[in-house]
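Novice: the following block contains a protein sequence and its predicted model.
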2 protein chains.
Amino acid sequence: MSEVRNAFYAQSGGVTAVINASACGVIQTARQNPDKIGNVFAGRNGIIGALTEDLIDTSQESDEAIAALRHTPSGAFGSCRYKLKGLEENKAEYERLIEVFKAHNIGYFFYSGGGDSADTCHKISQLSETMGYPIQAVHVPKTVDNDLPITDNCPGFGSVAKYIAVSTREASFDVASMSLTSTKVFVIEVMGRHAGWIAAAGGLAASEDGDIPVVILFPEIEFDKDKFLDRVKANVEKFGYCSVVVSEGAKWPDGKFLAEQGTRDAFGHAQLGGAAPVVANMVKDALGYKYHWAVADYLQRAARHIASKTDVDQAYALGKAAVEFCLAGENAIMPTIVRKSDQPYVWEVGKASLSDVANVEKFMPRDFITEDGFGITVACRRYLAPLIQGEDYPPYESGMPQYVRLKNIAVEKKLKTTFEI
Amino acid sequence: MSEVRNAFYAQSGGVTAVINASACGVIQTARQNPDKIGNVFAGRNGIIGALTEDLIDTSQESDEAIAALRHTPSGAFGSCRYKLKGLEENKAEYERLIEVFKAHNIGYFFYSGGGDSADTCHKISQLSETMGYPIQAVHVPKTVDNDLPITDNCPGFGSVAKYIAVSTREASFDVASMSLTSTKVFVIEVMGRHAGWIAAAGGLAASEDGDIPVVILFPEIEFDKDKFLDRVKANVEKFGYCSVVVSEGAKWPDGKFLAEQGTRDAFGHAQLGGAAPVVANMVKDALGYKYHWAVADYLQRAARHIASKTDVDQAYALGKAAVEFCLAGENAIMPTIVRKSDQPYVWEVGKASLSDVANVEKFMPRDFITEDGFGITVACRRYLAPLIQGEDYPPYESGMPQYVRLKNIAVEKKLKTTFEI
């Protein structure tokens, strides 16, 4: 009864420190089920690989190489920013996908990504119904932004959170040392254009008793310049220094990003990027404090060297669960993390219907942010704390982490046709 | 014959991930010699603590707390940016120091710092001769910039180098994944206003065979915009992406920093800081590539979580050696790292006369930089590689590194006089 069919796996959107751990979970689990899954073909650069019949033959990778994906950041098969249009708008895309899937006997579709990718995955999951092509599609959640609904948290987030919490603590120790005669304010800019989950992790730099003064600027809270400056001033007067964690998505009351403060380069071009220097200059202008600022950018999401063990374990588990769900006959779902208890932290794998996941963003609940808008509450801390737990160091050689680079050998094309992206 | 006298220890200038490891070496070694060294008084905020008689009683810290300094970044006693003037210019400062040293029976002076601090330490070492106050002064080298002469390398540098090498490798993996449809160029800005040692460490992100395209902009090499853009373009065409490591000290041929590119904020103020966004925008304007940029700032020098074991060991060893040299009767010296062999890496402790160290900067030798000015040579790689070797992880609790915060209890003042800084 169980016909052997091939699987397609691809990575989508911004990559993370642990998206390859999910790939590892998918491929290892598929390899353990050769009676049902033939080969795993990876899309080179996400869904684009499927559209252009640019498939990677993962069977050419050794077991050791696949195992090493677990400790390798980034997207080993290449990612893409590409969202399938609706079936009505661009039927040709779907016809092409079916053509490629058919040519390579692909019956399972696994897609690692965030909200947009869940939408793509959902559309694929409907192909049996809409286009008569039998396929099962399961989405593997991945996003540093932690903004997917239903799942308690998203793989990728825990490691960024750990990186930001650790880095903010370290830099706060630094500025504390310098503050008498030099830098008094340190500003770090973090990712999260819409949701403040990553910014919130900066709050973990301090312990619950507030030993380190951290002021957080969330995208969910309208920026109030006077209140902010008052807070920084109060901290400097009390502690001698202040750390500020600003989300790239922090906004003025009129909805404009802080980062778009009208800064112009020598040629008069509006210069984008950099909420941190804007905030730092604001502090200097109003309060006269010497500052330093950092923009973590890709460093935060690529920082496999300080990944959260919880995060790595969950990323792997959801990749594995995706395959197991498929083998159990499921379609149009996403495995989720279900929190059973905060302390001790207990979680298990659940599932969500993709129709409930696609295109829904989860923001920080208001009661995770202190009333003044500048900090995290005990409830937030209780939520975040388990996600950064445990270290999962990659192997090192000559002082450098040994990240795997796959051979990524292309599957021979079977179609004469090409497809323009 | 051996009278018991107290020691003064202080930290100066920008702090590092391992300056406290040197403090640990000083204090532990002093504690092992109670027949010669009474107490170690730490200056609160460097030499300012001595001038204001604001001394910290390190005997109030437990052995465990002192041991934990070895894995704690930043300056545990506070640092300062303050350089003693010459004896002729400000004799009052020296008279004050002697007054404080005398009041607390201080006969040993240990100062952790870079070039300026070596100068301060040198001046103190001459007090016996110039002012008739018997004291021995030993400088403990510390600077992320790696620009002190004579010593093969400076504690503090190896850990920053490791951080930059690891981070650049991780971010390069990230941008490689994104490059087909999104970011093609990643720019990271690193410290080093005068010397390009830290920037050079970015070259270690790639292995010797150049698996990762990294373009480095050194302060030692005049910036050539056209040549730079050509190089970025060639890399993107060959690899699909390019990483750029820009030193904060990178300069135009006219000597102006790249970071001072005439950027103005909304109020027309010249905006400082940020060679990375300047370079990134330059790439975008000329080549149209989508970019991301990061400014590591304090994160790089505070990153104890990814410190180099070699660096930690050396920082500790030089703190220990400073005390041992003093007990052996030395004055006006700095313990150094002497490299005996590259591979296997063998080093030992040597010493340099402070008169040869103070106010001398060591730049990258030209033969450490490739002829085109954008990379590191095999000789440079051979020099750098051992310095990032080994990991020395701090202990973690609940997912966070456990850095010690000392009690820093003040020594009772003995003087009625105060001193204005």
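Specialist: Structure received.
Novice: which residues touch residue A:71?
Specialist: By C-beta atoms under 8 Å, 6 or more residues apart in numbering or on different chains, residue A:71 lies in contact with A:21, A:304, A:312, A:392, A:394-395, A:401, A:403. Just so you know, the C-beta spots here come from the backbone N, C-alpha and C atoms, and that holds for glycine as well.
Novice: again, only this time at 7 Å
Specialist: Neighbour list for residue A:71: A:304, A:394-395 [criterion: C-beta atoms under 7 Å, 6 or more residues apart in numbering or on different chains].
Novice: intersect those with the contacts of chain B.
Specialist: residue A:304 (C-beta under 7 Å from any C-beta of the partner chain).
Novice: turn the contacts of residue A:71 into TSV, including distance to residue A:352.
Specialist: Output for these, formatted as TSV (distance: C-beta to C-beta, whole Å):
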residue	distance to residue A:352
A:304	27
A:394	31
A:395	35
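Novice: for the contacts of residue A:71, which one is nearest chain B?
Specialist: Set against chain B, the nearest of those by C-beta to the nearest C-beta is residue A:304 (6.2 Å).
Novice: burial count for the closest one?
Specialist: 29 (other C-beta atoms under 10 Å in any protein chain shown).
Novice: hmm, residue A:73 and it touching each other?
Specialist: Yes: applying C-beta atoms under 7 Å, one finds residue A:304 in contact with residue A:73, separated by 3.7 Å.
Novice: mutual contacts of those two, please.
Specialist: A:17, B:170.
Novice: partners of residue A:257 in the sheet?
Specialist: residue A:251 (DSSP bridges).
Novice: how much space between it and residue A:187?
Specialist: 15 Å (C-beta to C-beta, to the nearest Å).
Novice: who has more neighbours out of those two?
Specialist: residue A:187 (29 against 19).
Novice: what's next to the strand or helix carrying the more buried one, contact-wise?
Specialist: Element membership of residue A:187, judged by DSSP states H and E, is strand A:185-190. Strand A:185-190 has contacts (C-beta under 7 Å, 6+ apart) with A:164, A:167-168, A:171-172, A:175, A:198-199, A:202, A:232, A:236, A:241-248, A:275-276, A:279-280, A:283, A:289, A:291-296, A:300, B:298.
Novice: the next helix-or-strand element following it and chain B in contact?
Specialist: With elements assigned by DSSP H and E, the helix or strand that comes after strand A:185-190 is helix A:197-201. No: Helix A:197-201 lies out of reach of chain B by C-beta under 7 Å from any C-beta, never closer than 10.5 Å.
Novice: and helix A:197-201, what's buried?
Specialist: A:197-201 (16 or more other C-beta atoms under 10 Å in any protein chain shown).
Novice: export the residues you listed to a markdown table and tack on pLDDT?
Specialist: Output for those, formatted as a markdown table (pLDDT from 0 to 100):
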| residue | pLDDT |
| --- | --- |
| A:197 | 98 |
| A:198 | 98 |
| A:199 | 98 |
| A:200 | 98 |
| A:201 | 98 |
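Novice: what is the nearest of the residues you listed to chain B?
Specialist: Nearest member of the buried residues of helix A:197-201 to chain B, counting by C-beta to the nearest C-beta, is residue A:201, at 10.5 Å.
Novice: packing partners for the helix or strand containing residue A:138?
Specialist: Assigned by DSSP H and E, residue A:138 belongs to strand A:136-141. With contacts defined as 3 or more C-beta pairs under 7 Å, 6 or more residues apart in numbering or on different chains; DSSP states H and E, strand A:136-141 has these neighbours: strand A:106-113, helix A:115-125, helix A:309-327, strand A:333-341.
Novice: give me the contacts around the shortest one.
Specialist: With contacts defined as C-beta under 7 Å, 6+ apart, strand A:106-113 is touched by A:5-13, A:19, A:22-23, A:26, A:37, A:41, A:117, A:120-121, A:124, A:134-140, A:142, A:322, A:326.
Novice: ok, back up a step: what's the ChimeraX syntax to select whichever of the contacts of strand A:185-190 are buried?
Specialist: To isolate the buried ones among the contacts of strand A:185-190 in ChimeraX, judged by 16+ other C-beta under 10 Å, type:
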select /A:164,167,168,171,172,175,198,199,202,232,236,241,242,243,244,245,246,247,248,275,276,279,280,283,289,291,292,293,294,295,296,300 /B:298
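Novice: quick one: neighbours of residue A:134, just the number.
Specialist: So residue A:134, with other C-beta under 10 Å, has 11 neighbours.
Novice: that one contacts residue A:127, doesn't it?
Specialist: No: taking contacts as C-beta under 7 Å, residue A:134 lies outside contact range of residue A:127: 8.2 Å.
Novice: need the overlap of contacts for those two.
Specialist: With C-beta under 7 Å, 6+ apart as the test, residue A:134 and residue A:127 reach no residue in common.
Novice: quick one on the thing from earlier: just the buried residues of the contacts of strand A:106-113.
Specialist: Here, 16+ other C-beta under 10 Å leaves A:5-13, A:19, A:22-23, A:26, A:37, A:41, A:117, A:120-121, A:124, A:135-140, A:142, A:322, A:326 buried among the contacts of strand A:106-113.
Novice: what about the strands in the stretch 301-421 of chain A?
Specialist: Secondary structure of the stretch 301-421 of chain A (DSSP state E, counting those that start in this stretch): strands located at A:333-341, A:346-353, A:396-397, A:400-401.
Novice: got those as CSV, with mean neighbour count columns?
Specialist: Converted to CSV, the strands of the stretch 301-421 of chain A look like this (neighbours: other C-beta atoms under 10 Å in any protein chain shown):
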stretch, mean neighbour count
strand A:333-341, 19
strand A:346-353, 16
strand A:396-397, 12
strand A:400-401, 20
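Novice: in JSON lines: those strands, plus mean pLDDT.
Specialist: Shown next, in JSON lines, are the strands of the stretch 301-421 of chain A (pLDDT from 0 to 100):
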{"stretch": "strand A:333-341", "mean pLDDT": "98"}
{"stretch": "strand A:346-353", "mean pLDDT": "98"}
{"stretch": "strand A:396-397", "mean pLDDT": "98"}
{"stretch": "strand A:400-401", "mean pLDDT": "98"}
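Novice: would you list these in a markdown table and tack on distance to chain B?
Specialist: Below are the strands of the stretch 301-421 of chain A laid out as a markdown table (distance: least, C-beta to the nearest C-beta, whole Å):
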| stretch | distance to chain B |
| --- | --- |
| strand A:333-341 | 15 |
| strand A:346-353 | 15 |
| strand A:396-397 | 6 |
| strand A:400-401 | 6 |
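Novice: can you redo these as CSV with distance to residue B:358?
Specialist: Putting these into CSV (distance: least, C-beta to C-beta, whole Å) gives the following:
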stretch, distance to residue B:358
strand A:333-341, 58
strand A:346-353, 58
strand A:396-397, 37
strand A:400-401, 35
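Novice: looking at chain A, which helix is longest?
Specialist: Within chain A, and with DSSP state H defining each element, the longest helix by residue count is helix A:157-178.
Novice: farthest from the middle of chain A: give me that residue.
Specialist: Largest separation from the mean C-alpha position in chain A: residue A:181, at 38.9 Å (C-alpha atoms, centre = their mean).
Novice: my guess is it contacts residue B:83, does it?
Specialist: No: in this structure, residue A:181 is not within contact of residue B:83 by C-beta under 7 Å, at 10.8 Å.
Novice: now check stretch A:142-160, is it near chain B?
Specialist: No: Stretch A:142-160 is not in contact with chain B by C-beta under 7 Å from any C-beta; minimum separation 8.8 Å.
Novice: quickly, which of the helices and strands packed on strand A:136-141 bottoms out on average pLDDT?
Specialist: Here the helices and strands packed on strand A:136-141 differ in mean pLDDT, and the lowest is helix A:115-125 at a mean of 92.
Novice: and the nearest residue to residue A:63 once chain neighbours are set aside, how far is that from residue A:203?
Specialist: Excluding the flanking residues, the one nearest residue A:63 by C-beta to C-beta, 6 or more residues apart in numbering or on different chains is residue A:31, at 7.7 Å. Taking C-beta to C-beta as the measure, residue A:31 falls 41 Å from residue A:203.
Novice: of the two, who's got more company?
Specialist: Each of residue A:31 and residue A:203 has its neighbours counted (other C-beta under 10 Å); residue A:203 has more, 28 against 16.
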